[in-house]
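Colleague: Have a look at this prediction, sequence included:
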Amino acid sequence: MTILEAKQYIIQSIQSVYGEREAGNIAVLLIEYFTGYSRMNQFLEKDTGWPEQSAESLEAAVLRLQKGEPIQYIMGKTWFYGLELKVNHHTLIPRPETEELVELAIQYLSTLSIAHPRILEVGTGSGCISLAIASRMPKALITAIDISEEALKVAKENAKQIQHNIHFKQLDFLNKSKWASLGQFDIIISNPPYIKQTEASSMHNNVLAYEPHTALFVADNDPLIFYQAIAEFSKAFLKKPGAIFVEINEQLGKETKAVFEPGYPVTLHKDMQGKERMIAAYQN
């Protein structure tokens with residue numbers, strides 16, 4: 001089997017699950033994972049034989065893809081804001097719109113005259129948001145919390161690639177008695193659970209079956225619970241001037257915005273697809 005034949009095999013095996021275009025992109029990623037060949041080199045080396053030692057591994061990976069398992073979990077890595085990050089079933093796979101949230105925070109940070117701004121990330125998961133900010137703002141003092149010990153293990157591994165001492169802490173943010181242990185901050189940023197349980201039926205199986213539900217879902221009768229906690233926390237622990245940046249459920253933009261009003265000037269931001277996916281709240 002050649003590189004080209006391997007690509008055709010992958011696409012034909014999974015296109016009924018992902019569609020032809022996405023199957024093609026997945027095939028490129030998988031071939032690079034096994035061979036080290038970039039997209040261009042895959043074309044240049046299309047007649048090169050597939051490495052024998054990877055034949056069984058390729059077949060096993062294709063079987064996992066056919067069941068809907070995300071390619072990122074199969075490879076054990078993904079890319080976010082120019083960083084290569086480890087991911088597994090204990091962490092969400094970072095989405096492109098979360099990069100837009102990071103960019104909002106970095107733009108705000110660049111306007112501050114604070115030498116070492118203190119940042120709190122609520123629900124860090126793989127650490128992608130904190131690491132992205134740290135890669136651009138090396139003087140920032142970042143605390144990243146998560147309820148999941150397993151997710152924090154991944155975040156700490158990811159943090160080894162940057163020269164920045166992020167303080168990772170296992171903590172249930174909804175437990176208000178723990179708030180005082182965190183201190184005060186110039187910025188709070190979060191991509192918290194915000195998908196209502198009733199929305200699960202409209203989601204792809206590759207998300208439902210494989211990504212951690214505690215990082216995705218909230219109860220239908222209390223979908224804004226994390227935003228309400230962040231807003232309450234900020235009243236005592238967000239410095240002036242300060243700002244809050246959160247990713248939101250596109251169906252609850254006005255309701256989430258109202259959580260932070262009237263205490264702050266609040267702006268709803270749309271992502272590149274025109275969906276209301278982010279909120280910035282400023283304390284002057």
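Modeller: It's in. As the structure is a computational prediction, the values presented were derived from the model and not from experiment. Residues are numbered from 1 along each chain as shown.
Colleague: For stretch 75-95, buried residues please.
Modeller: Applying a neighbour-count criterion of 16 or more other CB atoms under 10 Å, one finds 75, 77-78, 80-81, 83, 85-88, 90-95 buried in stretch 75-95. From N, CA and C alone the C-beta is placed, and that goes for glycine too.
Colleague: what's the answer for stretch 260-280, then?
Modeller: When neighbours are counted by 16+ other CB under 10 Å, the buried residues of stretch 260-280 are found to be 260, 264, 266, 269, 271, 276, 277, 278, 279, 280.
Colleague: before we move on, what about stretch 234-252?
Modeller: Across stretch 234-252, burial judged by 16+ other CB under 10 Å covers 234, 237-238, 242-250, 252.
Colleague: any idea of the mean pLDDT for that stretch?
Modeller: The average of the pLDDT scores along stretch 234-252 is 95.
Colleague: what's the answer for stretch 178-194, then?
Modeller: Per-residue pLDDT values over stretch 178-194 give a mean of 96.
Colleague: what do you get for stretch 41-52?
Modeller: Averaged across stretch 41-52, the pLDDT comes to 94.
Colleague: per-residue confidence at the nearest residue to residue 200 once chain neighbours are set aside?
Modeller: Using CB to CB, 6 or more residues apart in numbering and skipping residues adjacent in sequence, the residue nearest residue 200 is residue 208, 6.1 Å away. With respect to pLDDT, residue 208 has a value of 70.
Colleague: quick one on the thing from earlier: out of the buried residues of stretch 234-252, flag the one nearest to residue 3.
Modeller: For these, the closest approach to residue 3 (CB to CB) belongs to residue 247, at 38.3 Å.
Colleague: surely the closest one meets residue 101?
Modeller: Yes - under the contact definition of CB atoms under 8 Å, residue 247 touches residue 101, with a separation of 5.1 Å.
Colleague: Next, show the common contact partners of those two.
Modeller: Taking CB atoms under 8 Å, 6 or more residues apart in numbering as the criterion, residue 247 and residue 101 both touch 191, 277, 278.
Colleague: Just the closest of these to residue 23, please.
Modeller: Distance from residue 23 was checked for each of those by CB to CB. The minimum falls on residue 277, at 26.6 Å.
Colleague: distance between stretch 260-279 and the chain's centre?
Modeller: Per CA atoms, centre = their mean, to the nearest Å, the displacement of stretch 260-279 from the mean C-alpha position of its chain is 18 Å.
Colleague: go on, stretch 145-158?
Modeller: The answer for stretch 145-158 is 13 Å, by CA atoms, centre = their mean.
Colleague: again with stretch 155-166
Modeller: Average the C-alpha atoms of stretch 155-166, do the same for its chain, and the two points are 16 Å apart (CA atoms, centre = their mean).
Colleague: quick one: buried residues of that stretch?
Modeller: In terms of neighbour count (16+ other CB under 10 Å), stretch 155-166 has its buried residues at 155, 158, 159, 162, 164, 166.
Colleague: Among the shared contacts of residue 247 and residue 101, which one lies nearest to residue 37?
Modeller: Here the nearest of these to residue 37, counting by CB to CB, is residue 191; it sits at 33.1 Å.
Colleague: For residue 131, see how far away the spatially most central residue of the chain is.
Modeller: Nearest to the centroid of the C-alpha atoms of the chain, with distances taken as CA atoms, centre = their mean, sits residue 94, at 2.7 Å. With the distance defined as CB to CB, to the nearest Å, residue 94 ends up 10 Å from residue 131.
Colleague: Which neighbours do these two have in common?
Modeller: Common neighbours of residue 94 and residue 131 (criterion: CB under 8 Å, 6+ apart): 80, 85.
Colleague: picking up where we left off before, how near is the residue nearest to the centre of the chain to residue 8?
Modeller: Using CB to CB, one obtains 30 Å as the distance from residue 94 to residue 8.
Colleague: quick one: residue 54 and residue 37 touch, right?
Modeller: No - taking contact to mean CB under 8 Å, the distance of 11.9 Å between residue 54 and residue 37 leaves them out of contact.
Colleague: So for those two, which residue has more residues nearby?
Modeller: Neighbours of residue 54 and residue 37, each counted by other CB atoms under 10 Å, are more numerous for residue 37; the result is 18 against 15.
Colleague: separation between the residue nearest to the more buried one when sequence neighbours are not counted and residue 24?
Modeller: The spatially closest residue to residue 37, leaving aside those adjacent along the chain, is residue 45, at 5.7 Å (CB to CB, 6+ apart). Between residue 45 and residue 24 the distance, using CB to CB, works out to 17 Å.
Colleague: Fine by me, thanks again.
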